[in-house]
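Colleague: my questions are about this predicted structure, shown below with the sequence.
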Amino acid sequence: MAQITPLREAVASLVHDGDTVALEGFTHLIPHAAGHEIIRQGRRGLTLVRMTPDLIYDQLIGMGCADKLIFSWGGNPGVGSLHRFRDAVEGEWPHKLAIEEHSHAGMANAYVAGASNLPFALLRGYTGSDLPKVNPNIRFIECPFTGEKLAAIPSVRPDVTVIHAQKADRRGNVLLWGILGVQKEAVLAAKRSIVTVEEVVDDLEAPTNACVLPTWALSAVCPVPGGAYPSYAQGYSERDNRFYKAWDPVARSRETFRDWMQRHVLDTDDFDGFRRVLAESMKEAV
Amino acid sequence: MAQITPLREAVASLVHDGDTVALEGFTHLIPHAAGHEIIRQGRRGLTLVRMTPDLIYDQLIGMGCADKLIFSWGGNPGVGSLHRFRDAVEGEWPHKLAIEEHSHAGMANAYVAGASNLPFALLRGYTGSDLPKVNPNIRFIECPFTGEKLAAIPSVRPDVTVIHAQKADRRGNVLLWGILGVQKEAVLAAKRSIVTVEEVVDDLEAPTNACVLPTWALSAVCPVPGGAYPSYAQGYSERDNRFYKAWDPVARSRETFRDWMQRHVLDTDDFDGFRRVLAESMKEAV
Amino acid sequence: MTTTPDTATETPDFTATEIMTVAASRLLKDGTVCFVGIGLPSTAANLARLTHAPDVVLIYESGPIGAKPTVLPLSIGDGDLALTADTVVSTPEIFRYWLQGGRIDVGFLGAAQVDRFANINTTVIGPYDAPKVRLPGAGGAPEIAAQAKEVFIVLKQSRKAFVDKLSFVTSAGFLDGGDAREKAGITGGGPTAVITDLGILTPDPVTRELTLTSIHPGVTVEQVKEATGWDLKVSPNLTTTAIPDAAALAALRDLQARTAAAHGQSAGGGEG
Amino acid sequence: MTTTPDTATETPDFTATEIMTVAASRLLKDGTVCFVGIGLPSTAANLARLTHAPDVVLIYESGPIGAKPTVLPLSIGDGDLALTADTVVSTPEIFRYWLQGGRIDVGFLGAAQVDRFANINTTVIGPYDAPKVRLPGAGGAPEIAAQAKEVFIVLKQSRKAFVDKLSFVTSAGFLDGGDAREKAGITGGGPTAVITDLGILTPDPVTRELTLTSIHPGVTVEQVKEATGWDLKVSPNLTTTAIPDAAALAALRDLQARTAAAHGQSAGGGEG
């Protein structure tokens, strides 16, 4: 049974230094609030996993939370580079970041294999790509029936997966809809899980075959309305494209980044505080 | 793009002697009407595939359509044995039936692998069971990362898959809901596909993440209201448990079976005809 | 068949099937995640849900997770299972993410035959290639038996069902006993109870041989041995199964009456 | 940058990006099932859908199948994609059942760099372990490039983008040319066109080397060669790209105006 609990307590008890952590989301439902809380609580030595690391991963990496990143596409969607990610890889700042790099197909299958309690994922993939040359975790095996060569990569099995969803009921059953990405697989692949939600309701009113994560498969459910901001939650909010664009100049220099993080994240108590300070600084910028 | 076409024509053009055919359904949405049409058209030498062969497979086997059955559980759900299936295996009547036998987990994974264009399915399975001793298509491979032993079975790749669904729109997009079984995977694993539907509508009114099979992934869509009878279609009909019970004595003897099939299937033109004659014979029985 | 309660107090009469079902249902703890086979297991699991274990989570292989059927399903894919579930996923997902994923506390199985190490046969009687009786086959049982954290097996006890040597091991119990199951690489804990109409058999902690540890009131040890195809071991601490309490019996009979009204018969057992 | 139409007839002016987009969109036939990358490919694919190919099926890796967005998505997972789709499945399903399943006619990709055999780099410039520029990475491209029946690549032409030797092959074109792709066991047909702001390059049927086969009106062969990091082969049958017709241009500009109004800028390119 999931505990319905404040985000701060969920992160304090479920995310530990050195953990492998996946904060998943595919443009939609990205758990920014939870990422901020991990930064506020000063976690170190994390192995971060995500198919599409974006701004919240740029922030986690730039703040020195991560020692390693397992990923398949790292950018600021619709804008350009992740400057903190690039600085970690190109400039080893704030320290060296080890990377394990896959394709989306590889990562998606690795989450499926993790959710399925298999040690590895099997796919047709990586053929002709240089990725297997730089990633020893991409191997090839033979089909025992046809002799065909197929790619094999280790399952993703995070210590903790964090996602954002639209609704939970009072028992902690969670409903999400729209672009689902790999969130269900990421939760089921993990030992522990935190789901931030837009609201807690009496009845999920889920269609019969909807994507519902039962409470007993989750560790914690945390009400954080707007917790995906600047990402969106279908039916609740729109993506704030201005923030994605505004992030680019902030993240370009180490100083502006540090100052921004100090003011907006470290010096705020929670995501509501972040939203308030952000509204102020956006007003200043105009 | 799927052709919206009468069932008779779909079976005539898409199901050939010697084909590997899966008529899938998991209690719910079993394509009985399509099975009858295959019998009426006298197909021979089929390899039939299904996780849970039930009455319609009993009929196909008893009528001599099949040379081989790939399956994981064969029975009359809620009633008992499939007497025609048993007579084929125990008594080689009407002729020998080769069987390839799996577990549900194996079959379900084999459909997934087929839909994924993989030559084999990988699972934790069959450990300690005698099934690998009698089925050479159950093999074991080693994980290239951990050395663990895992089961491997060939993908299911039918020539034709047949399912029943609730709705299609006028372009041939299909919506199903409720108990979904392996129907989506069975369709996507197959070279060709036939979907019988309860009705054709202007707008599917499908929830965002509903199980929709797009028209371009299907060969034929055939309106056959009630075409799952005596199985059911959620939202349209109830399972007729009386029929399942009545089938037991019919199928026990070769003679009563042959007579019943002659009167109800061979001598009727289509599923509507079958339903009419069945109503008459049920009235007689009372 | 009606057994007589072994106490002189005013208890309701009950059938052997009823005490079997109630005893099986009692083993299911509240909040347990249970992968349910159709027939006797489904009856017992739903009885648990309707009595002492309202938060038991019932998963059926056809796809429903958290099913709360108002009547007993006649088949594994009845509509009532879908309509009352928390969600309905595909059958592959059930086997991949939920069973193989290691999320099932209890696999609740029926069987055609078991042996002394709680191995199960549901495939054939006689040689595989020329069977005397062709049974329905494996269904979900091999992986349920291997991957659930523990397994309950419920079936009526007779020499035809409790056999010295199975024609075919469909689903593994403890294989040849001792640590054979672990050595074969099976991760789930295996059968912890076989509940019959005569008593409850549990595996010896070391040899893993099924041992009669509880006997239903009014049944004799001789009767149980007579209904067993091997020399059944009896626990020195043999207890008598508690008689079904009136509330459980009433709930079971209500459930079966509702089911009969809905299906036109009492529920049988089958997949499909 | 505006090129001048090479005809004296009354045609509307258009930019180099516009003729690139329109030329790319024209290649997409009606009814085609297209796996769409964000940015230029998405613009071209949606333009095709809004003009000559109303029944093109657009699939995005985030999950939408049959998306019909009213504005261009800024990212691969915009809500408009979900709301207008025939259905939205999980990302693993997209890659497993739909792409690897062999159901994609055209993979429509952007690229940071290509080489003469249409291999794509989106990973690093410089050594992998000490990169000069760290690019976003592979995303869906390696398997789209390998498994779609054919692949269109759209990017602006320059010496920085069209390089003699890639630092890193992220996604396979024709590898070392000839039958190297087939020998590597890749089943999809590979790139059939690289559409740029200067012209269209297609692989030689035998050597598979990219050859300039169509040049946009107002562009010279010298200009194209100048913008290519290898000695670009030019087809003896070089044609001039048809100028964008007024309807297509109007549709493109409408789409971009709607997009700018919705997003507060013209659409960039990105996953995420």
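Modeller: Happy to help now that I have it.
Colleague: quick one, phi psi at the residue of the stretch 51-200 of chain A at minimum distance from chain C?
Modeller: Using C-beta to the nearest C-beta, the closest approach of the stretch 51-200 of chain A to chain C is made by residue A:116 at 4.3 Å. In this view, the C-beta of every residue, glycine as well, is placed from N, C-alpha and C. When read as degrees, to the nearest 10, the backbone of residue A:116 gives phi -90, psi 10.
Colleague: the strands in the stretch 1-150 of chain A, which residues?
Modeller: A:3-4, A:20-23, A:46-50, A:66-71, A:98-101, A:120-123, A:139-142, A:149-154 (DSSP state E, counting those that start in this stretch).
Colleague: possible to save these as TSV with mean pLDDT, distance to residue C:154 and mean neighbour count?
Modeller: Listed next are these as TSV, based on pLDDT from 0 to 100; distance: least, C-beta to C-beta, whole Å; neighbours: other C-beta atoms under 10 Å in any protein chain shown:
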stretch	mean pLDDT	distance to residue C:154	mean neighbour count
strand A:3-4	96	34	17
strand A:20-23	98	40	26
strand A:46-50	98	42	24
strand A:66-71	98	45	21
strand A:98-101	98	48	18
strand A:120-123	98	37	25
strand A:139-142	98	41	15
strand A:149-154	98	39	22
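Colleague: count the neighbours of residue C:246 for me.
Modeller: 12 (other C-beta atoms under 10 Å in any protein chain shown).
Colleague: next, the contact list for the nearest residue to residue C:89 once chain neighbours are set aside, please.
Modeller: Once flanking residues are discounted, residue C:89 sits nearest to residue C:63: 5.2 Å by C-beta to C-beta, 6 or more residues apart in numbering or on different chains. Residues near residue C:63 by C-beta atoms under 8 Å, 6 or more residues apart in numbering or on different chains: B:26, B:179-181, C:77, C:82, C:88-91, C:93-94.
Colleague: quick one: pLDDT of the residue of the stretch 51-200 of chain A closest to chain C?
Modeller: If you check residue A:116, the pLDDT there is 98.
Colleague: kindly report the same for residue C:37.
Modeller: Reading off the model, residue C:37 has pLDDT 87.
Colleague: could the strands of the stretch 1-150 of chain A go into TSV alongside distance to residue B:272?
Modeller: As requested, the strands of the stretch 1-150 of chain A are exported to TSV (distance: least, C-beta to C-beta, whole Å):
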stretch	distance to residue B:272
strand A:3-4	54
strand A:20-23	54
strand A:46-50	55
strand A:66-71	57
strand A:98-101	59
strand A:120-123	46
strand A:139-142	52
strand A:149-154	48
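Colleague: show me the shaky parts of chain A.
Modeller: The model of chain A has no residue with pLDDT under 70.
Colleague: now with 80, please.
Modeller: Scanning chain A for pLDDT under 80 picks out A:286.
Colleague: would you turn the strands of the stretch 1-150 of chain A into JSON lines with distance to chain C?
Modeller: Shown next, in JSON lines, are the strands of the stretch 1-150 of chain A (distance: least, C-beta to the nearest C-beta, whole Å):
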{"stretch": "strand A:3-4", "distance to chain C": "14"}
{"stretch": "strand A:20-23", "distance to chain C": "16"}
{"stretch": "strand A:46-50", "distance to chain C": "18"}
{"stretch": "strand A:66-71", "distance to chain C": "20"}
{"stretch": "strand A:98-101", "distance to chain C": "23"}
{"stretch": "strand A:120-123", "distance to chain C": "12"}
{"stretch": "strand A:139-142", "distance to chain C": "19"}
{"stretch": "strand A:149-154", "distance to chain C": "17"}
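Colleague: residues near residue 32, how many?
Modeller: Since you didn't name a chain, this refers to chain A. For residue A:32, using other C-beta under 10 Å, the count is 26.
Colleague: wait, chain C
Modeller: Applying other C-beta under 10 Å, we find 21 residues neighbouring residue C:32.
Colleague: report the residue ranges of every domain in chain A.
Modeller: Following automatic domain parsing, one gets these domains for chain A: A:3-101+A:157-246, A:124-153.
Colleague: winner for burial among these?
Modeller: domain A:3-101+A:157-246 (a mean of 22; mean count of other C-beta atoms under 10 Å in any protein chain shown).
Colleague: ranges for the strands of the stretch 151-286 of chain A?
Modeller: A:160-169, A:174-176, A:192-201, A:211-213, A:220-223.
Colleague: make CSV from the ones you listed and add distance to residue D:54 to it.
Modeller: Compiled in CSV, those are given as follows (distance: least, C-beta to C-beta, whole Å):
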stretch, distance to residue D:54
strand A:160-169, 32
strand A:174-176, 31
strand A:192-201, 36
strand A:211-213, 30
strand A:220-223, 43
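Colleague: nearest to residue B:106, of these?
Modeller: Across these, residue B:106 has its closest neighbour in strand A:211-213 (26.0 Å, C-beta to C-beta).
Colleague: each with direction, which strands does that closest one pair with?
Modeller: strand A:174-176 (antiparallel) (DSSP bridges).
Colleague: the chain: helices as residue ranges?
Modeller: Reading this off chain A. A:7-14, A:32-40, A:55-62, A:83-91, A:104-115, A:131-134, A:183-189, A:241-252, A:254-261, A:271-285 (DSSP state H).
Colleague: try again with chain C
Modeller: Using DSSP H, helices in chain C cover C:16-26, C:40-50, C:79-84, C:91-93, C:141-147, C:180-183, C:221-226, C:246-263.
Colleague: tell me how many other residues crowd the residue in the stretch 151-272 of chain C positioned nearest to chain A.
Modeller: Closest approach between the stretch 151-272 of chain C and chain A, counting by C-beta to the nearest C-beta: residue C:187, at 8.9 Å. Counted with other C-beta under 10 Å, the neighbours of residue C:187 add up to 14.
Colleague: cool, and the one 4 residues further on?
Modeller: The local packing count at residue C:191 equals 30, with neighbours defined by other C-beta under 10 Å.
Colleague: that one against residue C:203, yeah?
Modeller: Yes: contact criterion C-beta atoms under 8 Å: residue C:191 and residue C:203 qualify, at 6.4 Å.
Colleague: residues shared between the contacts of these two?
Modeller: Joint contacts of residue C:191 and residue C:203 (C-beta under 8 Å, 6+ apart) are C:118, C:173-174.
Colleague: where do the strands sit along the stretch 1-150 of chain C?
Modeller: Under DSSP E, counting those that start in this stretch, the stretch 1-150 of chain C gives strands at C:2-3, C:14-15, C:33-36, C:57-59, C:64-65, C:87-88, C:106-109, C:113-114, C:120-121, C:124-125, C:133-134, C:150-154.
Colleague: ok, which of those comes nearest residue A:219?
Modeller: strand C:33-36 (15.2 Å).
Colleague: parallel or antiparallel, list what pairs with that closest one.
Modeller: Sheet pairing of strand C:33-36 (DSSP bridges) gives strand C:57-59 (parallel), strand C:106-109 (parallel).
Colleague: most packed of those strands?
Modeller: Highest mean neighbour count among the strands paired with strand C:33-36 (mean count of other C-beta under 10 Å): strand C:106-109, with a mean of 28.
Colleague: what's the offset of that strand from the middle of its chain?
Modeller: 6 Å (C-alpha atoms, centre = their mean, to the nearest Å).
Colleague: many thanks, we can stop here.
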